[in-house]
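Visitor: can't give you the sequence, but here's the structure:
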């Protein structure tokens, strides 16, 4: 914008000078002098505004960011997505405001702008929040972050791995999970189980769209069955206080809709535990029998655990 207005002001000044000195057209010269002065005034105003919004200048942009963040319904725990992050200023400000938050900034960083992913990462590093800020190319019209899904990483991780050309094992822990009362390790609900099923379906759709299904059918079949059905089935039966027989039937019907022969998958046979395979086979034959058998076994284990706990208390006394 500065370049555009500045070039127009220069052009108007040159034309006015030519009008007076070469063409001797006074009226035309006066018009372009006025135009040049107006454009110069506009240029000065834009420069002042730019200075006011610049970081380290008038500080207006910092105030705008503070107002935006203060109106977010966010408790500082979890993740934030900044769509159209630009130079990463708002993402970094969010990370500085909420010390426990993870922030992802996406942008397509058009060639007309003087910043990109490398600048965002450098800015985050200079502010000391690089470990909690991640920047990546993205399109606001085609987000890779589905709205309202809890287990998006269960879908994204396997999909991204299909594009990797090289793998390395890193022994050093690079991050830690923050656990609270509603974390998945402590709190299971049917809604969360359905969320995992949705993540598995998204995984299948991405694999199908990317042309991976034919090449890696066995691997995708095993991952889908594990995510959609196996993990969900046992976490649901153990974690939900009053599990629904209808939901258990729905799980089986859902996995068989995509992969009816998943129990013959070689990865499933090799990696699934013997007891899990036995129970899954039982559920395939009779969901009713599986449901009540599993609930009875679970009740038996819980009573046994309470007995051990009481015996332990007696020994301590």
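Guide: Thanks, I have it. The shown structure was predicted, so the numbers you read here are calculated from the model rather than taken from an experiment.

Visitor: use CA for all of it now, contacts and neighbours both
Guide: Will do.

Visitor: can you pull out the strands in this protein?
Guide: 78-83, 101-107, 133-137 (DSSP state E).

Visitor: out of the ones you listed, the one nearest residue 292 is which?
Guide: Checking the strands of the chain against residue 292 by C-alpha to C-alpha gives strand 78-83 as the closest, at 37.2 Å.

Visitor: got the contact list for that closest one?
Guide: Residues outside strand 78-83 that contact it (C-alpha atoms under 8 Å, 6 or more residues apart in numbering) are 90-91, 100-107, 140.

Visitor: if we go to 6 Å?
Guide: Defining contact as C-alpha atoms under 6 Å, 6 or more residues apart in numbering, one finds that strand 78-83 is touched by 101-106.

Visitor: can I get those residues in JSON lines including distance to residue 269, pLDDT and neighbour count?
Guide: As requested, the contacts of strand 78-83 are exported to JSON lines (distance: C-alpha to C-alpha, whole Å; pLDDT from 0 to 100; neighbours: other C-alpha atoms under 10 Å):
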{"residue": "101", "distance to residue 269": "40", "pLDDT": "87", "neighbour count": "19"}
{"residue": "102", "distance to residue 269": "38", "pLDDT": "85", "neighbour count": "20"}
{"residue": "103", "distance to residue 269": "39", "pLDDT": "90", "neighbour count": "24"}
{"residue": "104", "distance to residue 269": "38", "pLDDT": "88", "neighbour count": "20"}
{"residue": "105", "distance to residue 269": "41", "pLDDT": "91", "neighbour count": "25"}
{"residue": "106", "distance to residue 269": "40", "pLDDT": "88", "neighbour count": "22"}
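
Visitor: show me the shaky parts of the stretch 151-300 of the chain.
Guide: 175-186 (pLDDT under 70).

Visitor: all helices for it, in order.
Guide: Applying DSSP state H, counting those that start in this stretch to the stretch 151-300 of the chain gives helices spanning 152-161, 190-209, 217-224, 231-239, 245-258, 266-271, 274-285, 287-316.

Visitor: could you count how many residues lie near residue 283?
Guide: 19 (other C-alpha atoms under 10 Å).

Visitor: and what of residue 230?
Guide: Residue 230, neighbours per other C-alpha under 10 Å, totals 22.

Visitor: same question, residue 127
Guide: For residue 127, using other C-alpha under 10 Å, the count is 12.

Visitor: just residue 134 next, same as before
Guide: 20.

Visitor: now do the buried residues in stretch 120-136.
Guide: 120-121, 123-124, 129-130, 132-136 (16 or more other C-alpha atoms under 10 Å).

Visitor: got a list of contacts for that stretch?
Guide: 87-88, 92, 102-106.

Visitor: same thing but at 10 Å, please
Guide: For stretch 120-136, contacts defined as C-alpha atoms under 10 Å, 6 or more residues apart in numbering pick out 79-82, 85-89, 91-96, 99-109, 116-119, 174-175.

Visitor: go on, stretch 265-279?
Guide: Defining contact as C-alpha under 10 Å, 6+ apart, one finds that stretch 265-279 is touched by 217-219, 221-223, 225-226, 230, 234, 259, 262-263, 280-285, 290-291, 293-294.

Visitor: repeat the analysis, applying 6 Å as the threshold.
Guide: Against stretch 265-279 from outside (C-alpha under 6 Å, 6+ apart): residue 222.

Visitor: what's the separation between the residue lying closest to residue 189 once chain neighbours are set aside and residue 234?
Guide: Spatial nearest neighbour of residue 189, excluding adjacent residues (C-alpha to C-alpha, 6 or more residues apart in numbering): residue 240 at 5.7 Å. Distance of residue 240 to residue 234, given as C-alpha to C-alpha, to the nearest Å: 10 Å.

Visitor: then residue 28?
Guide: Taking C-alpha to C-alpha, one finds residue 28 at 85 Å from residue 234.

Visitor: next: residue 267.
Guide: Residue 267 is 19 Å from residue 234, by C-alpha to C-alpha.

Visitor: dump the buried residues of stretch 120-136 to CSV, plus pLDDT.
Guide: CSV is the format used below for those (pLDDT from 0 to 100):
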residue, pLDDT
120, 93
121, 91
123, 91
124, 92
129, 92
130, 89
132, 89
133, 91
134, 87
135, 88
136, 82
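
Visitor: biggest separation within the residues you listed, which pair?
Guide: 129 and 136 (15.8 Å).

Visitor: returning to what we had before: switch the helices of the stretch 151-300 of the chain over to a markdown table; also include distance to residue 169.
Guide: Formatted as a markdown table, these follow (distance: least, C-alpha to C-alpha, whole Å):
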| stretch | distance to residue 169 |
| --- | --- |
| helix 152-161 | 14 |
| helix 190-209 | 24 |
| helix 217-224 | 20 |
| helix 231-239 | 25 |
| helix 245-258 | 31 |
| helix 266-271 | 20 |
| helix 274-285 | 28 |
| helix 287-316 | 37 |
